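S.K.: Quick one, what's the 3D model for this:
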Amino acid sequence: MFVECCAIFHYKAQAETVLDQLGISMATAMEFYFRPISFQRGIPFEMKYSTQRTNARSRYFPCVLLWAHYRRNVG
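M.R.: Next comes the predicted model:
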């Protein structure tokens, strides 16, 4: 499987550090993500769109709001 994606470097670097500590490759982590999407026919966590702007950064990076919501619900 070949997947190309755009990611904010800081988050990718942090994710790689965690995955290295777990002994999991990025490819395996992506498979862990894609498999539930296939089975559930949707994203494996709740996603909500917020029109509220909490800070200037979220204006330029809407995924920051999604990431914050994901972290609150997953841990």
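S.K.: pLDDT weak spots in this protein?
M.R.: Low-confidence segments of the chain, defined by pLDDT under 70: 1-7, 47-75.
S.K.: rerun at 80
M.R.: Segments of the chain classed as low confidence (criterion: pLDDT under 80) are 1-10, 44-75.
S.K.: just so I have it, where are all the strands in it?
M.R.: Counting by DSSP state E, one finds no strands in the chain.
S.K.: Pop the domain breakdown of it in here.
M.R.: Domain segmentation of the chain under automatic domain parsing yields 8-44, 46-75.
S.K.: Show me where the protein has its helices.
M.R.: Assignment of helices within the chain using DSSP state H yields the ranges 9-22, 26-40, 56-60, 63-74.
S.K.: show me what contacts Met26?
M.R.: Taking CB atoms under 8 Å, 6 or more residues apart in numbering as the contact definition, Met26 lies against 15-16, 19. Where C-beta positions appear, they are placed from N, C-alpha and C, glycine not excepted.
S.K.: do you know how far it is from Asp20?
M.R.: Here the distance between Met26 and Asp20 works out to 10 Å (CB to CB, to the nearest Å).
S.K.: what do you get for Ala27?
M.R.: Shown here: Ala27 relative to Asp20, a distance of 13 Å by CB to CB.
S.K.: His10 now?
M.R.: Distance check for His10 against Asp20: by CB to CB, it reads 16 Å.
S.K.: Between those two, point out the one with more neighbours.
M.R.: Taking neighbours as other CB atoms under 10 Å, His10 and Asp20 compare with Asp20 leading, 11 against 8.
S.K.: List the contacts of the more buried one.
M.R.: If you count contacts by CB under 8 Å, 6+ apart, Asp20 has none.
S.K.: isn't Ile37 right next to Pro44, touching?
M.R.: Yes: because the distance of 6.3 Å satisfies CB atoms under 8 Å, Ile37 is recorded as touching Pro44.
S.K.: that older thread, ok, the contacts of Met26 vs Tyr33, which is closest?
M.R.: For these, the closest approach to Tyr33 (CB to CB) belongs to Ala15, at 10.9 Å.
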